[in-house]
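Chemist: got a sequence here, can you model it:
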Amino acid sequence: MSRAGGKQPSNTAGRNKRPSQGGGRSSAPSAAGSTTHTNANSTHLQPGSPEEYWRNDVLAEVSREQIGFIAEGLFKELWARCGKQVAVDQVSLMIAEVQFSRGFDLLYKIHDNEAARQEFNKSLKIRENILGKDHRDTGKTYCFVGHALREMRDYDNSLGQYRSALRILVALLGKNHNHTKDVISCVDDVLKAKGYPDEQVSDYLTCLLTSMEHKRNGDELMQANGGDFDLAIQAYKKALIVEEIDVIGKYHPDTAEIYSKIGSCMARTGDLKKACVEYGNALSIYAVTLGSDHRDTKEALKHIQNLPSLMMR
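Modeler: Numbers count the residues shown, from 1 in each chain. Okay, the predicted model is just below:
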């Protein structure tokens with residue numbers, strides 16, 4: 001995983017050695033080459049046109065040089081052939097890659113940790129919205145938000161970002177993959193920086209990985225043969241038992257996601273009242289950890305709002 005977590009000597013973000021920038025790029029197409037510039041005298045653009053979106057939304061965030069001169073032509077062609085949403089999503093992923101690269105340079109060349117964190121967060125928002133919460137690029141970006149926060153000595157929030165990255169990698173690659181181990185090393189570093197003794201660090205990591213493995217099992221059961229929801233609920237509840245012990249703490253979006261998945265399983269089995277309780281648990285944690293305007297918070301609220309219509313069927 002390029003630009004992913006790990007101990008300092010690796011190709012991941014360390015304090016004394018800058019990680020390499022190779023590989024693991026976003027799925028957006030590369031931007032290189034040249035195209036004709038927009039007419040500088042063109043001040044009246046048709047509302048809702050690709051030209052207006054390009055000038056007002058794209059160039060407000062990145063320059064033509066940063067995103068690549070060929071990008072504007074590609075954007076307009078996608079708009080014409082595939083529709084506005086496809087074009088906007090594609091150019092947004094290009095912007096996210098530019099933001100990520102700016103964050104990388106700010107963190108390791110200029111050493112402006114706060115500015116780097118802001119760029120990584122902007123990139124993360126785009127990637128999470130378009131690629132999803134379980135995509136490797138999303139996980140990579142979570143990891144680098146964690147790196148910036150670690151350099152700022154904000155260890156609690158850094159740990160939360162590494163946990164989010166680790167959740168994605170455990171689900172995609174398993175806990176024994178090298179990329180997963182890189183992020184585990186980051187968690188280890190932050191816990192020790194917080195003053196945890198070795199035994200407590202070991203307990204924390206064991207509990208965290210055990211919870212993630214149970215959640216992964218639950219996900220597989222939900223997807224197998226149309227969904228074995230009863231067994232999935234059992235797996236998710238095992239994850240919660242581990243997740244809520246004092247050494248980890250329950251107030252993290254990952255814990256809220258487990259509650260939400262239990263609610264989804266219960267809704268599918270027809271136990272709508274219990275589903276409402278589980279969605280409510282998820283909503284309360286999302287609201288505390290992510291805020292009321294975050295997509296996951298709104299989605300949890302929407303699940304609750306949709307339950308009455310299911311009960312009337």
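Chemist: find the centremost residue of this structure, please.
Modeler: In the chain, the residue lying closest to the centroid (C-alpha atoms, centre = their mean) is Thr138, at 4.0 Å.
Chemist: that residue sits in which helix or strand?
Modeler: Element membership for Thr138, per DSSP states H and E: helix 136-151.
Chemist: quick one: terminal-to-terminal distance for stretch 243-263?
Modeler: By C-alpha to C-alpha, to the nearest Å, the extent of stretch 243-263 from end to end equals 17 Å.
Chemist: find the helix or strand that His44 is a member of.
Modeler: Assigned by DSSP H and E, His44 belongs to no helix or strand.
Chemist: how many neighbouring residues does it have?
Modeler: When neighbours are defined as other C-beta atoms under 10 Å, His44 has 6 of them. Backbone N, C-alpha and C define where each C-beta goes, glycine included.
Chemist: still on that earlier bit, hang on, the residue nearest to the centre of the chain packs against Glu128?
Modeler: Yes - using C-beta atoms under 8 Å, Thr138 is in contact with Glu128, at 5.2 Å.
Chemist: any idea how far the helix or strand harbouring Ile241 is from the chain center?
Modeler: For Ile241, the element it lies in under DSSP H and E is helix 229-243. Centre-to-centre, helix 229-243 and its host chain are 23 Å apart (C-alpha atoms, centre = their mean, to the nearest Å).
Chemist: pull out the buried positions in it.
Modeler: Neighbour-count burial for helix 229-243, with 16 or more other C-beta atoms under 10 Å as criterion, is recorded at 229, 231-236, 238-240, 242-243.
Chemist: same check on stretch 282-295?
Modeler: Under the neighbour-count criterion of 16+ other C-beta under 10 Å, stretch 282-295 has 282-283, 285-287, 289-290, 294 buried.
Chemist: between those residues, which is nearest Gly83?
Modeler: Nearest to Gly83, judged by C-beta to C-beta, of the buried residues of stretch 282-295 is His294 at 27.1 Å.
Chemist: OK, contacts around that closest one?
Modeler: When contacts are counted by C-beta atoms under 8 Å, 6 or more residues apart in numbering, His294 touches Tyr286.
Chemist: can you report phi and psi for it?
Modeler: phi -70, psi 150 (degrees, to the nearest 10).
Chemist: looking at it now. What's its pLDDT?
Modeler: With respect to pLDDT, His294 has a value of 87.
Chemist: and it, how far from Leu124?
Modeler: From His294 across to Leu124, the span is 12 Å (C-beta to C-beta, to the nearest Å).
Chemist: ok, Pro197 next?
Modeler: Here Pro197 is placed at a distance of 32 Å from Leu124 (C-beta to C-beta).
Chemist: the two: who's more crowded?
Modeler: Legend: neighbour count by other C-beta under 10 Å for Pro197 and Leu124, higher for Leu124 (24 against 10).
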